[in-house]
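Undergrad: pasting a predicted model and its sequence here:
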Amino acid sequence: MDFTKKRKTEENGSTNSPPPSTTTLSQEDIRRILQPLPQDQLLDLLQSATLRHPDVLEDVRSLTDRDTTLRKLFVRGLAGETATETLRSVFSSFGELEEGIVIFDKTTGKSKGYGFVTFKHVDGAVLALKEPSKKIDGRMTVTQLAAAGTSGGPGTNLVQSGVTDVSLRKIFVGNVPFDISSERLLAYFSMYGEIEEGPLGFDKGNGKVRGFAFFVYKTEEGAMASLVEPLKTIDGQQVVCKFAVDNKKGRAGGRQKPTQPGFTGEGMLPPPQQPSLPGSMLGSQYGGPGNISSYTGYTGGHQGPPLINN
């Protein structure tokens, strides 16, 4: 063997030599390698590494968990009998909880219909928010980030924050079959778009429909799509769909909703000759404080389920 040639090959570097170990790279070296990559590629790399390596997930958690607003959720529409233990039991299935509490009135001792849940890790909150509508004690509740609320607090219609005007995303469904389940209604109206809240309108005591329901879509397009055909047949029963009207905005000359095919009137629906419904019934379905009863399309007086004129 020619040791002279072997020595020259080693001095010049062999083509068969193993690649340098990553342990020889410093953090600064890695940063220089990653720096030219666009943000979406960096996110893809980090996402893949987080899923494959538990230690990376722990590092990501240690950074994101510092921000409580990413882990704290607001839950509204709770039944009066829902206890803190029940709320914690439902949400603990998504991850370890740091806190969970139903808010009660200090004077009456009754539930205010809402509560808060704080997860120990941000991924628990992310999983819980995948399905914002959850049935708890027979009531369809709404879950969202607590930080998404407005400065007025939990009673100021948190759903509107950061989204388009709720009045352009909220629909009224009349003549709903009394034996239909909330899950069936939700599945049907989800065909038109992602639903942020609903169905609302179920009796607080027995969890059954009162003959009407409300839905709030995440987008105006979803609400509009659901109203292209205002008369629908669900389980053999014909129901009527309209925009829910904020009476206060109508009186104040607020923004009107666009007229839909098959509707009468000038865009503010339902028509004024419709029978009325006491606001207290609608307010109770939300379970939370604040005057929400104005989003009914009615003005009070009728003591039963609304009668829908087809």
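TA: Looks like it came in fine. Numbering: from 1, shown residues only.

Undergrad: am I right that Pro132 is in contact with Met140?
TA: No - contact criterion Cβ atoms under 8 Å: Pro132 and Met140 do not qualify, at 10.2 Å. Bear in mind the C-beta positions are built from the backbone N, C-alpha and C, glycine included.

Undergrad: quick one: which of those two has more around it?
TA: Between Pro132 and Met140, counting by other Cβ atoms under 10 Å, Met140 is the more crowded of the two (22 against 18).

Undergrad: so which elements touch the longest helix seen in the chain?
TA: Ordering each helix of the chain by length in residues (DSSP state H) puts helix 39-52 first. Secondary structure elements in contact with helix 39-52, counted by 3 or more Cβ pairs under 8 Å, 6 or more residues apart in numbering; DSSP states H and E, are helix 54-64.

Undergrad: the helix it packs on: what's the following helix or strand?
TA: strand 72-76 (DSSP states H and E).

Undergrad: using CSV, write out every CA atom in that following strand.
TA: C-alpha atoms of strand 72-76 as CSV (Å, rounded to 0.1, in the frame of the first residue of the first chain):
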residue,chain,number,x,y,z
LYS,A,72,-57.9,31.5,29.5
LEU,A,73,-61.4,30.8,28.0
PHE,A,74,-64.8,32.4,28.6
VAL,A,75,-67.8,30.0,28.6
ARG,A,76,-71.3,31.4,28.4
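
Undergrad: show me what counts as buried in the following helix or strand past that strand.
TA: Going down the chain from strand 72-76, the next helix or strand is helix 84-91, by DSSP H and E. Applying a neighbour-count criterion of 16 or more other Cβ atoms under 10 Å, one finds Thr86, Leu87, Arg88, Val90, Phe91 buried in helix 84-91.

Undergrad: returning to what we had before: report the mean confidence score over the longest helix of the chain.
TA: For helix 39-52, mean pLDDT rounds to 90.

Undergrad: A strand includes Val240, no?
TA: Yes - assignment of Val240 by DSSP: H, G, I helix; E, B strand; the rest coil places it within a strand.

Undergrad: doesn't Thr233 make contact with it?
TA: No - look at Val240 against Thr233 with Cβ under 8 Å: they stay out of range, at 11.1 Å.

Undergrad: of these two, who's got more company?
TA: Each of Val240 and Thr233 had its neighbours counted (other Cβ under 10 Å), and the higher figure belongs to Val240 (20 against 9).

Undergrad: how near is the more buried one to Ala213?
TA: Distance check for Val240 against Ala213: by Cβ to Cβ, to the nearest Å, it reads 11 Å.

Undergrad: now Gly95
TA: Remark: distance between Gly95 and Ala213 (Cβ to Cβ) = 31 Å.

Undergrad: do the same with Glu221
TA: In terms of Cβ to Cβ, Glu221 sits 20 Å off from Ala213.

Undergrad: which of these two has more neighbours?
TA: Using other Cβ under 10 Å as the criterion, Glu221 and Ala213 rank with Ala213 on top: 25 against 13.

Undergrad: the more buried one: which element?
TA: strand 209-217.

Undergrad: so what strands line up beside that strand?
TA: strand 170-174 (antiparallel), strand 195-202 (antiparallel) (DSSP bridges).

Undergrad: mean pLDDT, distance to Ile101 and mean neighbour count for these - can I get that in CSV?
TA: Below are these laid out as CSV (pLDDT from 0 to 100; distance: least, Cβ to Cβ, whole Å; neighbours: other Cβ atoms under 10 Å):
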stretch, mean pLDDT, distance to Ile101, mean neighbour count
strand 170-174, 93, 29, 24
strand 195-202, 84, 22, 24
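
Undergrad: for Lys110, find the nearest of these.
TA: Smallest distance to Lys110 across those (Cβ to Cβ): 19.0 Å, for strand 195-202.

Undergrad: from the rest of the structure, what touches that closest one?
TA: Strand 195-202 is contacted from outside by 77, 132-133, 138-140, 142, 159, 163, 169, 173, 176, 182, 185-186, 189, 208-210, 212-218, 222, 282, 285-286, using Cβ atoms under 8 Å, 6 or more residues apart in numbering.

Undergrad: same thing but at 7 Å, please
TA: Under the criterion Cβ atoms under 7 Å, 6 or more residues apart in numbering, residues 132-133, 139-140, 142, 159, 182, 185-186, 189, 208-210, 212-218, 285-286 lie in contact with strand 195-202.
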